[in-house]
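1. Sequence first, predicted coordinates after that:
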Amino acid sequence: MILHLYFARRFAMSFLLITAILFILIALTGLLEETRRSFADTVTFGDLVTLTLLDAPQKINLILPLNMVLATVVLFLSMARSSEMVITRASGRSALHTLISPVIVAFIIGLMVVGMFNPIVAATAKRYEQLSDQFASGGGSALSISDEGLWLRQGTDKGQTVIRAWRSNNDGSVLYDVTFISYAPNGGPIRRIEANSAALGPNGWNLKDAKSWPLETGLNAEGNAQRYDALTIPSTLTLDRIRDSFGKAGAISIYNLPAFIRQLELSGFSPRRHKVWLQSELARPLFLVAMVLVASAFTMRHTRSGGTGIAVLTAVLLGFGLYFIRSFAQILGENGQIPVLLAAWAPPVAAIMLALGLLLHREDG
């Protein structure tokens with residue numbers, strides 16, 4: 001038990017050290033990227049630092065499997081140089097027995113990432129997008145989905161327009177039972193438009209069967225209302241911007257994601273991307289365990305046997321390969337090519353089986 005605790009402590013320290021180093025590198029490179037943005041000359045240095053720190057958690061979350069691989073490599077290479085691994089194996093411990101404590105620590109870290117770090121990443125990612133849009137275009141567009149329907153906001157130099165629709169098609173290009181409320185630059189409402197449908201085209205929103213009410217002071221809104229069989233409202237929104245506004249599942253906490261998926265379904269959007277992300281997050285502890293097993297399969301060896309550099313390179317490359325396979329499976333799941341559960345759970349389970357096969361082959365010679 002003491003030896004298990006010793007291995008667990010060493011692995012946890014290696015993981016924290018690697019994470020701290022990568023965080024510093026990410027923060028420095030992120031700050032350089034922010035200074036190259038188009039709005040960098042119009043904001044203060046403190047705003048750029050704030051954007052960098054808000055963006056860092058989601059980048060750390062993205063490269064977490066690499067952290068696990070590097071932490072495992074550091075652990076077993078340091079133990080090999082100090083001959084601790086030789087002594088451990090000479091005492092009768094098998095490779096799988098030695099890996100019990102690192103695997104448990106990796107699984108606990110995975111649970112903490114899903115249960116505790118995920119909401120932090122979601123909050124910082126959402127705030128980062130809000131500040132970036134605010135600095136870049138003055139808060140030109142925003143989207144939210146609630147029980148009252150779909151809400152959009154678009155903005156130009158002539159003012160803001162709030163859009164509410166009860167439902168839409170899968171990609172958000174057509175809204176149904178839609179209402180447009182236009183605001184003047186000083187903030188007051190100037191016009192209200194209701195339409196059966198609104199389709200987003202290259203020239204803006206193309207409304208069908210619309211009715212417009214002026215909301216200017218001193219005018220009879222109903223008396224001056226006008227009906228249109230077809231009406232075009234200019235817009236700065238694009239389909240990509242609409243999808244990006246609600247399509248980034250990483251900006252939603254895992255605790256709020258099931259309710260958000262239900263709201264997407266009620267609004268007419270396809271929630272497949274969010275379902276794949278939810279299942280992938282739940283499978284993350286298994287994938288982190290797989291990264292530990294893969295890295296250990298190549299580094300649980302004595303340095304005197306030679307080939308340490310090749311072994312480390314192979315472990316890192318295999319870790320990258322499994323990561324890209326997992327990302328590719330998620331893309332297939334988001335596109336509907338494979339089932340959601342298969343896209344999320346098959347890569348970590350297959351990676352664990354592959355790593356166990358390598359370990360047992362090395363153990364049995």
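-> Here it is on my side, so go on. The structure presented is a predicted model; accordingly, all values stated were derived computationally and were not measured. Numbers count the residues shown, from 1 in each chain.

2. thought residue 286 was touching residue 352?
-> Yes - here residue 286 lies in contact with residue 352, judged by C-beta atoms under 8 Å, at a distance of 6.6 Å. Where you see a C-beta, it was placed from the backbone N, CA and C, and this is true even at glycine.

3. all helices in the stretch 251-365 of the chain, in order from the N-terminus.
-> Listed from the start of the chain, the stretch 251-365 of the chain has helices (DSSP state H, counting those that start in this stretch) covering 257-267, 272-282, 284-299, 308-334, 340-364.

4. what does the stretch 1-150 of the chain give?
-> Going by DSSP H, counting those that start in this stretch, the stretch 1-150 of the chain shows helices at 2-35, 45-62, 64-81, 84-90, 95-98, 100-112, 118-137.

5. now, of the ones you listed, which is deepest in the fold?
-> Mean neighbour count (mean count of other C-beta atoms under 10 Å) peaks for helix 64-81 among the helices of the stretch 1-150 of the chain, with a mean of 22.

6. Can you give me the separation between residue 134 and residue 296?
-> Distance from residue 134 to residue 296, counting by C-beta to C-beta, to the nearest Å: 46 Å.

7. If you could redo that for residue 307, that was the one I meant.
-> On the measure of C-beta to C-beta, residue 307 and residue 296 end up 16 Å apart.

8. Turn the helices of the stretch 251-365 of the chain into a markdown table, including mean pLDDT, distance to residue 122 and mean neighbour count.
-> Shown next, in a markdown table, are those (pLDDT from 0 to 100; distance: least, C-beta to C-beta, whole Å; neighbours: other C-beta atoms under 10 Å):
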| stretch | mean pLDDT | distance to residue 122 | mean neighbour count |
| --- | --- | --- | --- |
| helix 257-267 | 77 | 9 | 17 |
| helix 272-282 | 91 | 10 | 21 |
| helix 284-299 | 91 | 14 | 25 |
| helix 308-334 | 89 | 17 | 17 |
| helix 340-364 | 87 | 18 | 17 |
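
9. Tabulate these in TSV, adding columns for distance to residue 221.
-> What follows is the helices of the stretch 251-365 of the chain, written out as TSV (distance: least, C-beta to C-beta, whole Å):
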stretch	distance to residue 221
helix 257-267	29
helix 272-282	40
helix 284-299	53
helix 308-334	45
helix 340-364	48
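
10. For residue 14, which of those is the nearest?
-> helix 284-299 (10.9 Å; C-beta to C-beta).

11. comparing the helices of the stretch 1-150 of the chain, which gets the lowest mean pLDDT score?
-> Ranked by mean pLDDT, the helices of the stretch 1-150 of the chain bottom out at helix 84-90, with a mean of 69.

12. Look up the closest residue to residue 7, ignoring the ones flanking it.
-> Residue nearest to residue 7 in three dimensions, not counting chain neighbours: residue 101, with 4.2 Å by C-beta to C-beta, 6 or more residues apart in numbering.

13. List the residues that contact residue 135.
-> Listed by C-beta atoms under 8 Å, 6 or more residues apart in numbering, the contact set of residue 135 reads 37, 39, 42-43, 47, 51.

14. Same check on residue 212?
-> 191-193, 225-228, 231.

15. sorry, back to before: can I get the helices of the stretch 1-150 of the chain in JSON lines with distance to residue 329?
-> Formatted as JSON lines, those follow (distance: least, C-beta to C-beta, whole Å):
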{"stretch": "helix 2-35", "distance to residue 329": "25"}
{"stretch": "helix 45-62", "distance to residue 329": "16"}
{"stretch": "helix 64-81", "distance to residue 329": "14"}
{"stretch": "helix 84-90", "distance to residue 329": "34"}
{"stretch": "helix 95-98", "distance to residue 329": "27"}
{"stretch": "helix 100-112", "distance to residue 329": "18"}
{"stretch": "helix 118-137", "distance to residue 329": "20"}
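
16. ok, residue 228 touching residue 210?
-> Yes - counting by C-beta under 8 Å, residue 210 is a contact partner of residue 228 at 4.6 Å.

17. more neighbours, the two?
-> residue 210 (23 against 14; other C-beta atoms under 10 Å).
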